[in-house]
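Engineer: below is the sequence, then the predicted model.
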Amino acid sequence: MELTPRQHRALCSICDTFLPAAPGWPSAVGQGVPEALAAALDFNPRAIDRWEFLNLLDLWDSSLHCFIEAGHWSQFSELSEENKHKVMLSWADSRLALRRAAFQALRKAVGFLYVMLPGPTVKGTGEVNPVWANIGYPGPIGVRRPDAPRKLNVIVPEAEMTLTCDVCVIGSGAGGGVAAAVLAAAGKEVIVLEAGGYFDDADFDGAELAGFQKLYTECGFASTRDHSVGFLAGECLGGGTVVNYCTSFRTPDEIREEWAAEGVAWIRGAEYTKSLDVVCERISVNTAHNRVSKREQMLERGLKRLGWHVDAMPRNVIGCEQGKGCGYCGYGCPIGAKQSSVKTWLADAQAHGAKFVVETRAEKVRVTRGTATGVEAWSKKGHRVVVKCKQVVVACGAIHTAALLLRSDLGNQHIGRHLHLHPVSNVSGIFEEEILPWEGTMQAIYSDQHRYLTRNYGVKYETTSLQPVIAMAVMPWREPQDFRARMSQLKNTSAIGVLLRDRGEGRVAIDREGHPVSSYSLSDFDRRHMQLGFRGAAEILENAGARRIYSPHAKLCSYEPGKNGSIETFVKDMDAAGWGNSQVALFSFHIMGTARLGDSPSVSATNPDGETWEVKNLYVMDGSSFPSASGVNPMISIEAVAHRNATVLGAKA
């Protein structure tokens, strides 16, 4: 995106206010963050977001803005460092959620790119990026299997195309991959449309920037409209199964009962149990690859000292190394151990004749006299692609599935509603011992100590590999020196993720251009559980021996056990900092519920078999099918629901 000189000056000033140069530390401008941020805007398809960003830059360096915020009639770029911080914090702590959201969007974008960009010192000389050196991060691990073959054959449209088949499956992740395999095995001609590209072992080098650009929706910058919850969703052949952390929980029995009570009777019985068994066998779910990393040893130590629940994480891997390289698995498994849809379901589908069209986004389902008859799509290169078919399966994730159905003029009131996110964030602890939290098994253990805080609602405790960009996502900023100090302690940091089963709901709508726009806020019910979860995470870290603990709030909430503050002061500080939108950094890896199953159009978007109520032969088979939040990492549930409903569809003439 082209910036005016004024906008570029404002952006450079913002970047260097967050992260100015310091001895041994490059500035954000020196790292090329402003140019990279302007380029990253092209990954956001919404014109309104780009327009708002440019208007913010126009405002930022105006004298009026600085006078209102800092009492100085001058441009922001001319203010002292102290006054620049004052202006920045006036946005961070504003009573207005939109101002807080703007601050959080800027903080995350600048921080992400600061640690992701290779930097000018690397480009010409091969030297270590100074940011990585200062935090002890070794950088990308490099390609491990450069000669690994790509076993799937894909079509990348180079001209306008019209294709025909029995079933068009839109999306290739947990739901779409299973649906394609089951339907192809049933003798259906299947074409899979995937918005992202095809990448496999030889493409996975562990680099954060390239990983986000290739494998994630909107380059990893996707979020709710107000930036209060960030989305980390896969957009590549295989979808989220390529970038997820291999966590493979079966649908809990109590959740099955809930969903059955919502009108999906088959989900409580043997039929669904069989699908769960088939899915777990095909993707090799096991607990034989659970070497506990140094990062997770802190979780295990704290849990055991408290006498709290801890157990091995079921994972869908074969031959996982569980060592240094495993921590980079969020950018694709470099050794092919992760049993993603690419390795399993899509390979099965291809063996039965399915075809894959990649880099092609479905825009609309064709409907003729109330029946789905095809799909209209566009490739990334701008070529129109039409698929004529007898049935359509939509499986492009709860955000894009809802948007596609809305663009296709479906009017059921439940489409786009009931958005559940399993909001998650990290409470971080800094230890005396070196941890190197970017290494080791992604998720080997977990705790359900507080899973049932109120009936079937509560939190799970899990950790994740703290690659620098993940750490930056939750690291509060109040001024550069303290921020850099916490960055430099990353090698001694372990973070506990508090994963909330949310009862409250958000919504997905579409803008004038048809792009999805989502909204979400924590309900009072869910907020109380998140508060208890954050306290629990702090208790675990304290008992594990952390010498400093901090939360992901915009205001710094921190204490030093036995030295400065206590868990009680920590809880009070967090409550004072607030739990509203953009007062605490939240993310979602589990996006569910926007086209839910049910037994009536008055309560659901589809019938129990996944067929939409108002359009025949149009099915939904992904996480948007869930009647409510799954309460556990949802991959197995998505695949099992898709397996059952694709089996029913495959048996139809």
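Structural biologist: That came through, no problem. Residues are numbered from 1 along each chain as shown.
Engineer: which stretches of this protein have low pLDDT?
Structural biologist: Within the chain, the segments meeting pLDDT under 70 span 119-128.
Engineer: same thing but 50
Structural biologist: Within the chain, the stretches with pLDDT under 50 are 121-125.
Engineer: how much space between the most far-flung residue of the chain relative to its centre and Ser62?
Structural biologist: In the chain, the greatest distance from the average C-alpha position (C-alpha atoms, centre = their mean) is reached by Trp73, at 41.5 Å. According to C-beta to C-beta, to the nearest Å, Trp73 and Ser62 sit 10 Å apart. For glycine as for every other residue, the C-beta is placed from the backbone atoms N, C-alpha and C.
Engineer: spatially central residue for this structure, please.
Structural biologist: Nearest residue to the geometric centre of the chain (C-alpha atoms, centre = their mean): Leu232, 1.5 Å.
Engineer: relative to His85, how far out is the nearest residue to it once chain neighbours are set aside?
Structural biologist: Counting by C-beta to C-beta, 6 or more residues apart in numbering, Leu232 lies nearest to Phe589, which is 5.2 Å off, once chain neighbours are set aside. Distance, Phe589 to His85, using C-beta to C-beta: 32 Å.
Engineer: who's more crowded, the two?
Structural biologist: Neighbours were counted for Phe589 and for His85 using other C-beta atoms under 10 Å; Phe589 has more, 24 against 19.
Engineer: you'd agree the more buried one is up against Ser425?
Structural biologist: No - taking contacts as C-beta atoms under 8 Å, Phe589 lies outside contact range of Ser425: 11.4 Å.
Engineer: between these two, what contacts are shared?
Structural biologist: Residues touching both Phe589 and Ser425 (C-beta atoms under 8 Å, 6 or more residues apart in numbering): there are none.
Engineer: what helix or strand is the residue farthest from the centre of the chain located in?
Structural biologist: Counting by DSSP states H and E, no helix or strand carries Trp73.
Engineer: do the same with Ala473
Structural biologist: Ala473 belongs to helix 468-474, assigned by DSSP H and E.
Engineer: roughly how far apart are the residue lying closest to Gly173 once chain neighbours are set aside and Asp58?
Structural biologist: Using C-beta to C-beta, 6+ apart and skipping the chain neighbours, the partner closest in space to Gly173 is Gly239 (2.2 Å). Gly239 sits 38 Å away from Asp58, going by C-beta to C-beta.
Engineer: check His227 too.
Structural biologist: 19 Å.
Engineer: these two: who's more crowded?
Structural biologist: The residue with more neighbours, out of His227 and Asp58, is His227; 24 against 14, by other C-beta under 10 Å.
Engineer: isn't the more buried one right next to Arg99, touching?
Structural biologist: No - using C-beta under 8 Å, His227 is not in contact with Arg99; the gap is 11.3 Å.
Engineer: before we move on, back to that, contacts only, for the residue nearest to Gly173.
Structural biologist: With contacts defined as C-beta under 8 Å, 6+ apart, Gly239 is in contact with Gly171, Ser172, Gly173, Ala174, Gly176, Gly177, Glu194, Gly196, Ala233, Ser341, Gly397.
Engineer: got these as a markdown table, with distance to Ile283 columns?
Structural biologist: Shown next, in a markdown table, are the contacts of Gly239 (distance: C-beta to C-beta, whole Å):
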| residue | distance to Ile283 |
| --- | --- |
| Gly171 | 17 |
| Ser172 | 15 |
| Gly173 | 12 |
| Ala174 | 9 |
| Gly176 | 15 |
| Gly177 | 10 |
| Glu194 | 19 |
| Gly196 | 20 |
| Ala233 | 19 |
| Ser341 | 8 |
| Gly397 | 19 |
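Engineer: tally of neighbours for Ser602?
Structural biologist: Ser602: 10 surrounding residues under other C-beta under 10 Å.
Engineer: tell me who's in contact with it.
Structural biologist: By C-beta under 8 Å, 6+ apart, no residues touch Ser602.
Engineer: so where do the strands sit in the stretch 101-250 of the chain?
Structural biologist: With strands called from DSSP state E, counting those that start in this stretch, the stretch 101-250 of the chain shows them at 154-155, 161-164, 167-170, 190-193, 229-231.
Engineer: determine which stretch of the ones you listed is the most buried.
Structural biologist: Mean neighbour count, computed with mean count of other C-beta atoms under 10 Å, is highest for strand 167-170 among these, reaching a mean of 30.
Engineer: next, the residue nearest to Val584 when sequence neighbours are not counted: phi, psi?
Structural biologist: Of all residues not flanking Val584 in the chain, His553 sits nearest, at 4.9 Å (C-beta to C-beta, 6+ apart). His553 has phi and psi values of phi -70, psi 160 when expressed as degrees, to the nearest 10.
Engineer: so His553 is in contact with Ala577, correct?
Structural biologist: Yes - assessed by C-beta under 8 Å, His553 is found in contact with Ala577 at 4.1 Å.
Engineer: common neighbours of the two, please.
Structural biologist: Shared contacts of His553 and Ala577 (C-beta under 8 Å, 6+ apart): Gln583, Val584.
Engineer: with neighbour numbers in mind, choose between the two.
Structural biologist: When His553 and Ala577 are compared for neighbours, His553 comes out ahead with 22 against 18, by other C-beta under 10 Å.
Engineer: report the contact partners of that one.
Structural biologist: By C-beta under 8 Å, 6+ apart, the residues touching His553 are Pro476, Met574, Ala577, Gly578, Gln583, Val584, Ala585.
Engineer: now, which of the residues you listed lie within strands?
Structural biologist: The members of those all map outside strands under DSSP state E.
Engineer: so which of these sit within helices?
Structural biologist: With helices defined by DSSP state H, the entries of those inside them are Met574, Ala577.
Engineer: report the buried members of the contacts of His553.
Structural biologist: Buried members of those, counted by 16 or more other C-beta atoms under 10 Å: Pro476, Met574, Ala577, Gly578, Gln583, Val584, Ala585.
Engineer: just those residues now: which is nearest Lys151?
Structural biologist: Closest approach between these and Lys151, by C-beta to C-beta: Ala585, at 38.8 Å.
Engineer: now do that closest one against Val424, distance only.
Structural biologist: Distance, Ala585 to Val424, by C-beta to C-beta: 10 Å.
Engineer: can you tell me how far the spatially closest residue to Phe626 that is not a sequence neighbour sits from Gly177?
Structural biologist: Counting by C-beta to C-beta, 6+ apart, the nearest residue to Phe626 once its immediate chain neighbours are dropped is Met592, at 4.5 Å. Using C-beta to C-beta, one gets 17 Å for the distance from Met592 to Gly177.
Engineer: which one's more surrounded, the two?
Structural biologist: In this view Met592 and Gly177 are compared by other C-beta under 10 Å, and Gly177 has more residues nearby, 33 against 26.
Engineer: the more buried one contacts Gln339, correct?
Structural biologist: No - counting by C-beta under 8 Å, Gly177 stays clear of Gln339, with 11.0 Å between them.
Engineer: now the end-to-end length of stretch 168-181.
Structural biologist: End-to-end distance of stretch 168-181 (C-alpha to C-alpha, to the nearest Å): 12 Å.
Engineer: check the offset of that stretch from the chain's centre.
Structural biologist: Offset of stretch 168-181 from its chain centre (C-alpha atoms, centre = their mean, to the nearest Å): 19 Å.
Engineer: show me the contacts for Val131.
Structural biologist: By C-beta under 8 Å, 6+ apart, the contact list for Val131 reads Trp25, Pro26, Gln31, Tyr114, Val115, Gly119, Tyr137, Pro468, Met487.
Engineer: and if we set it to 6 Å?
Structural biologist: With contact taken as C-beta atoms under 6 Å, 6 or more residues apart in numbering, Val131 is in contact with Val115.
Engineer: how about Asn426?
Structural biologist: By C-beta under 6 Å, 6+ apart, the neighbours of Asn426 are Val474, Ala495, Gly497.
Engineer: quick one: which of those residues has the most company?
Structural biologist: Most surrounded of those: other C-beta under 10 Å gives Ala495, at 27 neighbours.
Engineer: count the neighbours of Asp42 for me.
Structural biologist: Neighbourhood size, Asp42 [other C-beta under 10 Å]: 10.
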